[in-house]
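S.K.: no sequence for this one, just the structure:
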């Protein structure tokens, strides 16, 4: 039975390792991949209507650039590997948004790369991988 694997992908080396691992797993198990790109975006409720309109325009431009520079080349490489693939791009808190994508896509797994951040900042603020491991609705594979 084919399952969906959501892969958090931002173009970093860590996300490439996660995608490579997901492709090898998907090929072995007959699964498909959903490449999920999340742009962090914090809502501001105090903006004027003109500022909100300008912000929305910049947001759409960022999505278009990300799709062209990051997502399209990756989709082609996954397709060339013989794995069914689709993509989702959204704004929001990365870990929470990846969880929503997994639910929306009825995914069985989430794969994410570990950035290797250690020390006080990751302990104070957490990491996407650590947060996902705690809140995800499906199993999470953190690829070193």
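M.R.: Now that the structure is in, tell me what you want to look at. What you see is a predicted model, and the numbers here were worked out from it, not measured in a lab.
S.K.: When you work out contacts or count neighbours from here on, use the C-alpha atoms and nothing else.
M.R.: OK.
S.K.: Wait, a helix at residue 2?
M.R.: No: counting by DSSP: H, G, I helix; E, B strand; the rest coil, residue 2 is not found in a helix; it is coil.
S.K.: dump the residue contacts of the residue nearest to it when sequence neighbours are not counted.
M.R.: Excluding the flanking residues, the one nearest residue 2 by C-alpha to C-alpha, 6 or more residues apart in numbering is residue 31, at 4.7 Å. Contact analysis of residue 31 by C-alpha atoms under 8 Å, 6 or more residues apart in numbering lists 1, 2, 3, 4, 5, 25, 83, 84.
S.K.: where does the nearest residue in space to the last one that is not next to it in sequence sit relative to residue 99, distance-wise?
M.R.: Closest residue to residue 84 in three dimensions, ignoring its sequence neighbours and counting by C-alpha to C-alpha, 6+ apart: residue 32, at 4.8 Å. In this structure, residue 32 and residue 99 are separated by 17 Å, where distance is defined by C-alpha to C-alpha, to the nearest Å.
S.K.: any idea which helix or strand of the protein has the worst average confidence?
M.R.: The least trusted helix or strand in the chain, going by mean pLDDT, DSSP states H and E, turns out to be helix 120-125, with a mean of 48.
S.K.: for the protein, what spans make up the helices?
M.R.: Ranges of helices within the chain are 13-29, 49-66, 72-80, 94-104, 120-125, 128-135, based on DSSP state H.
S.K.: do you know which of those lies nearest residue 39?
M.R.: The closest of the helices of the chain to residue 39 is helix 94-104. By C-alpha to C-alpha, the value is 7.2 Å.
S.K.: what comes up buried for the closest one?
M.R.: Neighbour counts using 16 or more other C-alpha atoms under 10 Å place 94, 95, 96, 97, 98, 99, 101, 102 of helix 94-104 among the buried residues.
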